[in-house]
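Peer 1: Quick one: sequence and predicted model below, then my questions.
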Amino acid sequence: MAVKVFIKRKIKHGKLNEASKLLIKARYNAMDQEGYISSETLSDCDRPNHVMVISMWQKIGHWKQWKDSDLRAQNEAGFAALLDGPTEYETYNLGLQP
């Protein structure tokens, strides 16, 4: 069952360009991972420093494997100085689960 992952970040003011570069790098790294389908980056219309990445994976296990990987940890470490608060994660199955 495919899943969507919502990753929410609040980027510090003046750091959007740096964050954009890291997001692109993270996306390219994710594209090589088993089960990756797609992703998109959204910014809040009223608060452009509030950013959400929505990625789709074939299975929740594929996402968890990527989330826990050393490569992703390296990517996330780059965000530490750019964020104004913790990164939030939500995962959803596509469709209802009876």
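Peer 2: Yep, it's here.
Peer 1: Other residues contacting the host helix or strand of L22?
Peer 2: Here L22, judged by DSSP states H and E, is contained in helix 16-31. Under the contact criterion CB atoms under 8 Å, 6 or more residues apart in numbering, helix 16-31 has outside partners 9, 11, 36, 39, 41, 48-49, 51, 53, 55, 66, 71-72, 75, 78-79, 82. Yep, even glycine has a C-beta here, placed from its N, CA and C like the rest.
Peer 1: out of those residues, which are inside strands?
Peer 2: The subset of the contacts of helix 16-31 located in strands under the criterion DSSP state E comprises 9, 36, 39, 41, 51, 53, 55.
Peer 1: got the contact list for the fifth one?
Peer 2: Contacts of V51 were listed using CB under 8 Å, 6+ apart, and they are 8-11, 19, 23, 41-44.
Peer 1: Most neighbours of all the residues you listed, which one?
Peer 2: Of all these, the highest neighbour tally under other CB atoms under 10 Å goes to I11, namely 24 neighbours.
Peer 1: right, and that residue touches L82 too?
Peer 2: Yes - assessed by CB atoms under 8 Å, I11 is found in contact with L82 at 5.8 Å.
Peer 1: Show the pLDDT at E88.
Peer 2: pLDDT, E88: 97.
Peer 1: Now list the buried members of the contacts of helix 16-31.
Peer 2: Using 16 or more other CB atoms under 10 Å as the burial test, these include 9, 11, 36, 39, 41, 49, 51, 53, 55, 66, 72, 75, 79, 82 as buried.
Peer 1: Based on its surroundings, how many neighbours for K15?
Peer 2: Counted with other CB under 10 Å, K15 comes out at 16.
Peer 1: Look up the residues forming beta bridges with the closest residue in space to Y89 that isn't next to it in sequence.
Peer 2: Once flanking residues are discounted, Y89 sits nearest to I7: 5.8 Å by CB to CB, 6 or more residues apart in numbering. Taking DSSP bridges as the rule, I7 bridges to V53, Y89.
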